[in-house]
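Participant: okay, here's the prediction I keep looking at, along with the sequence it came from:
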Amino acid sequence: GNFLLNVAPTKYGVITPIYEERFSQLGTWLAINGESIYATTAWTSQRDNITSGVWYTQKKNNSVVYAIVLNWPKNGLLLLGSPTLVPESTITLLGYTGNLQWNETDNGIKIQFPDRENVKSKWAWALKLTNTTK
């Protein structure tokens, strides 16, 4: 895929401070979550079929799937309907140390997010799901 960021310098060739800030923020986000973007491809589901604002990528020839979550889940609980996990699966949040707790429900996979202040990323969070079967 491509990422188009429409920023043009002024007629004097200067990037205004607000756009400089956005570039810096994008670089900060990629430093934390870049593995969910670089050298990935579209997964079998492009977006989640239960929760809006969740988009999927995968490493090529690998069982690692990334779920990029655009909105912090209410009450710290996220429900995903697209992936299928096995008991050996793990879920981590890029920019946070440790595995996240998850369990399967009749509706999908329920994931407990950590306290937000313990997560490095400020916007759009990437979950790393290992051993997915779908």
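Facilitator: Ah, there it is. Numbers count the residues shown, from 1 in each chain.

Participant: report the contact partners of Ile109.
Facilitator: 79-81, 83, 85, 102-103 (C-beta atoms under 8 Å, 6 or more residues apart in numbering). To be clear about C-beta, it is placed using only N, CA and C from the backbone, and glycine gets the same treatment.

Participant: between those residues, which is nearest Ile50?
Facilitator: Taking C-beta to C-beta as the measure, Gly81 is the one of these closest to Ile50, at 3.3 Å.

Participant: so that closest one touches Asn49, yeah?
Facilitator: Yes. Taking contacts as C-beta atoms under 8 Å, Gly81 lies within contact range of Asn49: 4.5 Å.

Participant: higher neighbour count, those two?
Facilitator: Using other C-beta atoms under 10 Å, the more surrounded residue of Gly81 and Asn49 is Gly81, with 14 against 11.

Participant: show me what contacts the more buried one?
Facilitator: With contact taken as C-beta under 8 Å, 6+ apart, Gly81 is in contact with 48-51, 107-109.

Participant: now, which of those lie within helices?
Facilitator: Per DSSP state H, helices hold no members of the contacts of Gly81.

Participant: pick the one among these closest to Arg116.
Facilitator: Nearest to Arg116 among the contacts of Gly81, counting by C-beta to C-beta, is Thr51 at 17.4 Å.
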